[in-house]
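Novice: Requesting a structural model of the entry that follows:
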Amino acid sequence: WILFQGWAPPKEDGKPHTDSLLLLVYDTLLTILHLLFNLRTSRTWPVFAYGTLLYLFTSVPKGLGPEPPFQTLLHAIFLGVLGYLSWHGGYTHEVRHRFQWAENRALRKCVAHQNHQLAVHECKLREI
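Specialist: Take a look at the predicted model:
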């Protein structure tokens, strides 16, 4: 929330009213990470896990965040769920892509084997 403090008019104590902009930007970055970049999901799970924990530990203690601790805890839970859903979508896409690749590879081997068998059969017919 410190990064976006100048974007909203501050309260009397100088803090912004909400963490909404920070959470929206973080969720957008998670979505972009999984949609636009070809990263392995085994490498990206720490992004949402550590980001959510960092938000939680830097906002829940009294006085650190602009919102009450219970509301910040709820935001952290929602952020964790959104991060997990984003990661799971990337994981599902990766699994489908890997199965499709394996299926295409098996089909290429099958076609190559059939072409080889056809070439051998043609050679035998020419010898006769």
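Novice: now the helices for this protein?
Specialist: With DSSP state H as the definition, the chain shows helices at residue ranges 20-36, 41-59, 69-127.
Novice: roughly how far out does the last one sit from the chain middle?
Specialist: Put plainly, it is helix 69-127. A distance of 17 Å separates the C-alpha centroid of helix 69-127 from that of its chain, computed with Cα atoms, centre = their mean, to the nearest Å.
Novice: possible to save the helices of the chain as TSV with mean neighbour count and mean pLDDT?
Specialist: Using the backbone N, CA and C atoms, a C-beta is placed for each residue, glycine as well. As requested, these are exported to TSV (neighbours: other Cβ atoms under 10 Å; pLDDT from 0 to 100):
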stretch	mean neighbour count	mean pLDDT
helix 20-36	15	76
helix 41-59	15	81
helix 69-127	13	86
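Novice: what sits up against stretch 78-95?
Specialist: Residues lying outside stretch 78-95 but in contact with it, judged by Cβ atoms under 8 Å, 6 or more residues apart in numbering, are 23, 26-27, 30-31, 33-35, 39-41, 44-45, 47-49, 51-52, 55.
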